[in-house]
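Colleague: What shape does this take:
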Amino acid sequence: MTLTQLEYIIALDRHRHFATAAAKCHITQPTLSIQIQKLEDELGILIFDRTKNPVSLTETGILIIEQARVVLKEARLMNDLVINSREEVKGELNLVLLPSLAPYLLPLFLGSLVKKYPDLLMSIRELHLYQIIGRLQNDSADVGVIVSPIEESGFYEIPVFKEPIVAYLSPDHPLAEKEELELSDIDVSELILTKTHQHLLPQLPLPKTKAKHNIRFENASIETIRKVVERQGGITLIPWIATTFMGERRQKFVRPFKGNKLQRQISLIVQRGFHKQRMIDALRAEIIANLPPEIPRN
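Modeller: Have a look, this model is predicted:
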């Protein structure tokens with residue numbers, strides 16, 4: 001039994017297709033099949049049921065895969081402990097982050113991070129929160145960037161910064177006459193929000209009343225909502241960092257709240273017992289170092 005064979009069975013479990021798993025492992029399909037067969041022969045069991053399409057795990061195979069993940073995680077931990085002892089920022093860091101953060105946050109720090117640490121190999125994916133949690137749990141990701149807090153247990157949230165939330169108004173909105181807004185200025189019933197920003201509603205002092213519109217956005221981007229507001233009227237809430245990528249014309253429709261009273265907490269999330277400490281510390285430090293001065297640091 002080898003660590004490579006364990007990597008192969010985990011790849012096949014993840015993709016449930018021999019050709020795809022082989023491609024992800026950068027080997028030929030016959031090589032993958034032979035090595036998995038050798039492991040099954042050595043153990044005297046079938047890990048995969050090849051009669052099904054897609055291929056599936058046997059009952060014993062489920063237990064083998066779970067243990068294989070533990071073994072590979074411990075093997076990687078040994079290597080990372082050596083790197084950490086050398087005080088080096090070196091190796092591969094698999095980063096996952098929310099689509100609502102990626103287009104605004106990544107351009108700020110990514111260039112300086114890889115320039116400062118040339119031996120750091122970054123792998124980046126934009127995923128929804130449930131996918132981020134899943135990737136961290138199955139060790140296919142090392143660290144996530146999310147909006148805190150989360151409900152799932154077994155994770156450690158590392159605060160990075162608190163980001164102000166601002167209002168974005170339609171051109172003819174009555175509140176456009178004000179330079180700054182109070183939270184009490186907002187009529188919750190006319191807000192157009194994405195599902196990912198619904199958590200901001202409890203911070204507003206007004207009771208939730210029946211919406212003045214009959215559209216609910218389950219999975220829309222900030223840019224989509226912004227354009228709807230511009231054309232159809234109304235008001236939305238957007239993270240301040242998104243306004244830094246707007247042109248001068250659209251900046252006119254942005255209104256901050258006095259005292260930055262509406263905020264969201266941006267954090268790194270790792271599994272408890274995470275082991276790429278130096279890389280994650282370097283990532284957090286580089287994000288903070290490249291934040292605009294208007295954003296308070298944790």
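Colleague: Can you give me the pLDDT of the residue lying farthest from the centre of the chain?
Modeller: Distance from the C-alpha centroid of the chain, by Cα atoms, centre = their mean, peaks at G44 (39.9 Å). As predicted, G44 sits at a pLDDT of 92.
Colleague: For it, grab phi and psi.
Modeller: phi 80, psi 30 (degrees, to the nearest 10).
Colleague: and if you look at the one 4 residues further on?
Modeller: According to degrees, to the nearest 10, the main-chain angles of F48 amount to phi -120, psi 140.
Colleague: Mind listing the residues bridging to it?
Modeller: L57 (DSSP bridges).
Colleague: wait, S56 sits on L46?
Modeller: No. The criterion here is Cβ atoms under 8 Å, and S56 misses it with L46 at 10.9 Å. Glycine gets a C-beta too; all of them are placed from N, C-alpha and C.
Colleague: Starting from E286, give me the distance back to I132.
Modeller: Using Cβ to Cβ, to the nearest Å, we find I132 at a distance of 20 Å from E286.
Colleague: So for these two, which sits in the more crowded spot?
Modeller: I132 (24 against 20; other Cβ atoms under 10 Å).
Colleague: So what does that one have for phi and psi?
Modeller: Dihedral angles (degrees, to the nearest 10) for I132: phi -60, psi -50.
Colleague: isn't it right next to N94, touching?
Modeller: No. In this structure I132 lies outside contact range of N94 using Cβ under 8 Å: 11.1 Å.
Colleague: Spell out which residues are contacts of both of the two.
Modeller: A141 (Cβ atoms under 8 Å, 6 or more residues apart in numbering).
Colleague: How about whatever helix or strand I225 lives in, which residues are buried there?
Modeller: In this structure, I225 sits in helix 222-232 according to DSSP states H and E. By neighbour count, with 16 or more other Cβ atoms under 10 Å as the criterion, the buried positions of helix 222-232 are 222, 225-226, 228-230.
Colleague: just stretch 35-42 next, same as before
Modeller: Quick answer for stretch 35-42 (16+ other Cβ under 10 Å): 35-36, 39-40.
Colleague: Equivalent analysis for stretch 8-19, please.
Modeller: 8-13, 15, 17-18.
Colleague: swap in stretch 277-292?
Modeller: 278-280, 282-284, 286-287, 291.
Colleague: low-confidence ranges in the protein?
Modeller: Within the chain, the stretches with pLDDT under 70 are 77-87, 195-219, 273-274, 296-298.
Colleague: Just want the most central residue of it.
Modeller: Geometric middle of the chain (Cα atoms, centre = their mean) lands on L97, at 2.0 Å.
Colleague: how about that one, phi and psi?
Modeller: phi -150, psi 160.
Colleague: before we move on, the earlier item: among the buried residues of stretch 277-292, which ones are in helices?
Modeller: 278-280, 282-284, 286-287 (DSSP state H).
Colleague: Kindly reformat the residues you listed as TSV containing distance to V270.
Modeller: What follows is these, written out as TSV (distance: Cβ to Cβ, whole Å):
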residue	distance to V270
R278	13
M279	11
I280	6
A282	14
L283	11
R284	11
E286	16
I287	14
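Colleague: For L98, give its distance to G134.
Modeller: 14 Å.
Colleague: Mind checking which of these two has more residues around it?
Modeller: A count of neighbours by other Cβ under 10 Å puts L98 above the other of L98 and G134, at 19 against 14.
Colleague: Could I get the contacting residues of the more buried one?
Modeller: 126-129, 132, 145-147, 196.
Colleague: so what's the nearest residue to M246 once chain neighbours are set aside up against?
Modeller: Spatial nearest neighbour of M246, chain neighbours left out: V254 (7.3 Å); criterion: Cβ to Cβ, 6 or more residues apart in numbering. Contact analysis of V254 by Cβ under 8 Å, 6+ apart lists 166-169, 238, 243, 246.
Colleague: how about 10 Å then?
Modeller: For V254, the contact set (Cβ atoms under 10 Å, 6 or more residues apart in numbering) comprises 166-169, 238, 240, 242-243, 246.
Colleague: before we move on, what about I124?
Modeller: I124 neighbours (Cβ under 10 Å, 6+ apart): 93-97, 102, 106, 110, 141, 145.
Colleague: Take the residues you listed and lay them out in CSV including secondary structure and distance to I64.
Modeller: Shown next, in CSV, are the contacts of I124 (DSSP: H, G, I helix; E, B strand; the rest coil; distance: Cβ to Cβ, whole Å):
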residue, secondary structure, distance to I64
L93, strand, 28
N94, strand, 24
L95, strand, 29
V96, strand, 26
L97, strand, 32
A102, helix, 35
L106, helix, 37
L110, helix, 38
A141, coil, 22
V145, strand, 33
